[in-house]
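Engineer: sequence plus predicted model, see below.
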2 protein chains.
Amino acid sequence: MNAACQRLTARFARIATLGEASAMLHWDASAMMPPGGGPARGEQLATLAGLQHELLTAPEVAEDLAAATAEGEWGVANLTLMRRAHARATTLPTALVEATERANAACEKVWREAKARADFALVRPYLAEVVTLQWETAQALSAALGLSPYDALMDGYQPGIAAADVEPIFAAYEAFLATALPEAEAREARLPPPLPLEGPFPAAVQRALCRSLSERIGLDYTHARLDESLHPFCGGTSADVRITTFYSEAEVGKALLGVLHETGHALYERGLPAEWARQPVGQAAGMAAHESQSLIIEMQACRSDAFLGFLGGELHAAFGGAAAPYARENLVRHWRRVSRSFIRVDADELTYPAHVILRFRLERALIAGELEVADLPGAWAEGFRRLLGITPPDDAQGCLQDIHWHDGAFGYFPSYTLGAMAAAQLMKAARLALPGLDSAMARGDLLPLLGWLREKVHAQGSRLGFQELLRFATGKPLDPQDFLDHLRGRYLG
Amino acid sequence: MNAACQRLTARFARIATLGEASAMLHWDASAMMPPGGGPARGEQLATLAGLQHELLTAPEVAEDLAAATAEGEWGVANLTLMRRAHARATTLPTALVEATERANAACEKVWREAKARADFALVRPYLAEVVTLQWETAQALSAALGLSPYDALMDGYQPGIAAADVEPIFAAYEAFLATALPEAEAREARLPPPLPLEGPFPAAVQRALCRSLSERIGLDYTHARLDESLHPFCGGTSADVRITTFYSEAEVGKALLGVLHETGHALYERGLPAEWARQPVGQAAGMAAHESQSLIIEMQACRSDAFLGFLGGELHAAFGGAAAPYARENLVRHWRRVSRSFIRVDADELTYPAHVILRFRLERALIAGELEVADLPGAWAEGFRRLLGITPPDDAQGCLQDIHWHDGAFGYFPSYTLGAMAAAQLMKAARLALPGLDSAMARGDLLPLLGWLREKVHAQGSRLGFQELLRFATGKPLDPQDFLDHLRGRYLG
């Protein structure tokens, strides 16, 4: 690489290092910080974000990007990603960025109240302002990136896949669900109810079990922590990853499966290519790619027949009592149950995509100016009924349930389902590559799977776009058929 | 204030905000971080420090400082402190700063090994390099600040007091100790040994007691946390202060008194003037001032006859067993025991200053070029024998015991004893101002004392130098007589 590229490499490393500091402060704010620390923490994070933005948009960056040359596939990909990050950051006028931040913060605050009261009218003007500014942002990014406005927003979360790719996939899923859902429900209705998993499940025992299971499936706690927060997440940095969960003593599945999910995210972060640490190409390949890694661990591996057999034994050993509730078939009945529900985060594997499809269509229409914010509750109820056959009783269980839009995140939702589909596709490829995979999982051994993921996904960083990454790992771009096959096997078999 | 001063105010707020981020990351590194996070954390802290330095030394700062005008005592003091911070930061050539950082880091690393092996020769060349660079730093700062070289180093820790002020105070203390120490020992020898405080003291019970006591004496946990770390400290920020301790189940005093000490530091941070937050004048008035606040809580208040009576009841209630060991007189025997020892951090109130006096004299001689690093072990042993009448059996219990010099901290040590003296002086003034103080302390109520400290010390920020602050609070500059009176009353009475 030439001198310009060397300067850029040092600058992007500095920007990424500030990003690491922010990530730790975000984790602390959720997992550790006393409530009185909030305003000061907000200032600290804003200052760090401002400095990152200044470093990325300084005049000499454009000059260096124009002059920079890089060698090798990784070097070239890194320079391309630098150019895209710079284009995204410089395209938006400061006034628009600031107006967006203010509008998002104001809307998010009112949204909490509106959701608690199930009163959409309260947040409507704030959300309208957010949407207007997202529209302006999308227009500006669209011109700079050569993408459609909505795709330019999606690109901020998952580069390398467009709404035009997503649309037919989602339409096909809707058609599949129309017959699959009643069929799965009928199948479930024929079975007797499962034996209850009766608590209390002491938090300390859950904590120890969550930790030992996440360690067993490959998380190295010399580079990780497991803590508690209201909303579970995976944060921190690649070298020091922080996962959180929330323990309810009445229920054992939520924290446990949640920790396995976050462990999937954490393993991805841990497996990123160290030689490209703090460079754009060394980062995860986007939110859909990230979700594929949490879901392949949680949904594909840990909720598999093979692993649930092992897991039941661990649960029984940890909590004692009768063995029958922890038998594999009974755990399957609890943790692979299908039911139509209004809340996305509580949805099962089969109906979850319907929640995402609805949001994808509505947010596209909002950004395209084809749907007014005032008409959102009606469009939501109508769309929900069409997809899942039920109508939310109020907006708290409808369009007010998620923070995303109210915090200015448009173009994010598809990542959840793209990730679920990619996870199924990756699992199918892993099973082909590793014939003993299910026997290993039945012994609680996910290390063969992890080894394969590290090589095929984690170590690839952002060298490849989403579709190219899937092609590299599985021989083909995103193919929803693998997800449908997986669902058929699990829910309609 | 004019426009230049407004720009400076915004810039110093930004620098301080980055300092807050660093403070949180330092706390995390000691209290939370998994070991594998170390190298990345080092990068994060170095990047933040580099940015703070760049912001402080940017060319426009000198211009603005030349043009700035400020109003009011606080505004003027703030501008003066900005000028001093800028002078300190710009005086040192980057090459010297970088060489110092490298030499300190290298020496500190080798020092750990040298201390473990009690082998001074191992660290000697590294320490010699550290001292050489400190000498260069002191020369450069001396010229810029108009202070003697050693005073210029002291000024980095405790502005407003010079070696020439300290020297006669320490000489007088040495003379006092020559008769007071044998007398205190003889008095102690006449008494029967105290009843043992027999554990185990469960860590969870200690933790709950430490928290409730620190809360009782005024620490508001909506703006604070209490955690664990190998070396107890008070970190974080004024709005979000983090104290740590280390629990040994065999012993109850160490963690408890340690938490009360750190609570004193924390209360100072909490009480700083919010209207000057993130400005130089809004910060604590130096390390000696800070130590006065931890010691007035721990040594003056919590080890007072009055409070120990209350504390004994709390301990007995928490740990059960026989009541007699927790009687006030027995706690006094444990927690106000005088004994000559080699290790500063384990020293009692009476002999602690001797440890500091020795270090003050040796570091001054090192910086003045009057003592060679190679001669340090001998000079230490000789000085220790002269002050305390005993000779360390090896260098691990002598000149290798503290991290300070090996990490490049010269001019810091006097703060400990200046703080102890200031604490006694402040306590005497508080007793005069608050006639019911000891009765309140006997009920475990330190809030009257805290109210007085808030007004007289905490709320003053850095408006006043160390001597002026004491004059403001007590009517006179540092007067070691109050400390001697306190010690006479406690150990020779």
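Structural biologist: Structure received.

Engineer: who are the contact partners of A:Leu492?
Structural biologist: If a contact means CB atoms under 8 Å, 6 or more residues apart in numbering or on different chains, then A:Leu492 has A:180, A:183-184, A:187 as its contacts. Quick note: C-beta positions are derived from backbone N, CA and C, even for glycine.

Engineer: so how far is the helix or strand encompassing A:Ala178 off the chain centroid?
Structural biologist: Assessed by DSSP states H and E, A:Ala178 sits inside helix A:163-189. Counting by CA atoms, centre = their mean, to the nearest Å, helix A:163-189 is centred 21 Å from the centre of its parent chain.

Engineer: which other helices and strands does it contact?
Structural biologist: Helix A:163-189 is packed against helix A:149-154, helix A:352-367, helix A:376-388, helix A:414-433, helix A:480-487, with contacts defined by 3 or more CB pairs under 8 Å, 6 or more residues apart in numbering or on different chains; DSSP states H and E.

Engineer: ok, then the element right after that helix?
Structural biologist: Counting by DSSP H and E, what follows helix A:163-189 is helix A:203-216.

Engineer: residues of that following helix that come out buried?
Structural biologist: Across helix A:203-216, burial judged by 16 or more other CB atoms under 10 Å in any protein chain shown covers A:205-207, A:209-211, A:213-214.

Engineer: which members of these are the farthest-apart pair?
Structural biologist: Using CB to CB, the buried residues of helix A:203-216 span at most 15.0 Å, a distance reached by A:Val205 and A:Ser214.

Engineer: before we move on, the earlier item: got TSV for the buried residues of helix A:203-216, with pLDDT and distance to B:Arg431 too?
Structural biologist: Shown next, in TSV, are the buried residues of helix A:203-216 (pLDDT from 0 to 100; distance: CB to CB, whole Å):
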residue	pLDDT	distance to B:Arg431
A:Val205	98	52
A:Gln206	98	52
A:Arg207	98	48
A:Leu209	98	56
A:Cys210	98	53
A:Arg211	98	52
A:Leu213	98	59
A:Ser214	98	56
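
Engineer: of all the contacts of A:Leu492, which comes closest to chain B?
Structural biologist: Taking CB to the nearest CB as the measure, chain B sits nearest to A:Ala184 out of these, at 42.0 Å.

Engineer: which residues touch the closest one?
Structural biologist: Contacts for A:Ala184 (CB under 8 Å, 6+ apart) come out as A:338, A:350, A:491-492.

Engineer: name the nearest of the residues you listed relative to chain B.
Structural biologist: A:Leu350 (37.4 Å).

Engineer: and the residue nearest the centre of chain A?
Structural biologist: Centroid-nearest residue in chain A: A:Glu291, 4.2 Å away (criterion: CA atoms, centre = their mean).

Engineer: ok, back up a step: for chain B, which of the helices and strands packed on helix A:163-189 is the nearest?
Structural biologist: helix A:414-433 (26.4 Å).

Engineer: could you tell me the angle between the closest one and helix A:352-367?
Structural biologist: Relative orientation of helix A:414-433 versus helix A:352-367 (axes from the mean of the first three to the mean of the last three CA atoms, to 10 degrees): 140 degrees.

Engineer: tell me the helices and strands packed up against whatever helix or strand the residue nearest to the centre of chain A lives in.
Structural biologist: In the assignment (DSSP H and E), A:Glu291 maps to helix A:287-295. Packing partners of helix A:287-295 (3+ CB pairs under 8 Å, 6+ apart): helix A:253-271, helix A:414-433, helix A:466-474.

Engineer: want to throw the ones you listed into JSON lines with mean neighbour count and distance to chain B?
Structural biologist: Shown next, in JSON lines, are these (neighbours: other CB atoms under 10 Å in any protein chain shown; distance: least, CB to the nearest CB, whole Å):
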{"stretch": "helix A:253-271", "mean neighbour count": "24", "distance to chain B": "10"}
{"stretch": "helix A:414-433", "mean neighbour count": "23", "distance to chain B": "26"}
{"stretch": "helix A:466-474", "mean neighbour count": "20", "distance to chain B": "25"}
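
Engineer: could you dump the ones you listed into CSV and include mean pLDDT and distance to B:His86?
Structural biologist: As requested, the helices and strands packed on helix A:287-295 are arranged in CSV below (pLDDT from 0 to 100; distance: least, CB to CB, whole Å):
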stretch, mean pLDDT, distance to B:His86
helix A:253-271, 97, 40
helix A:414-433, 98, 47
helix A:466-474, 97, 49
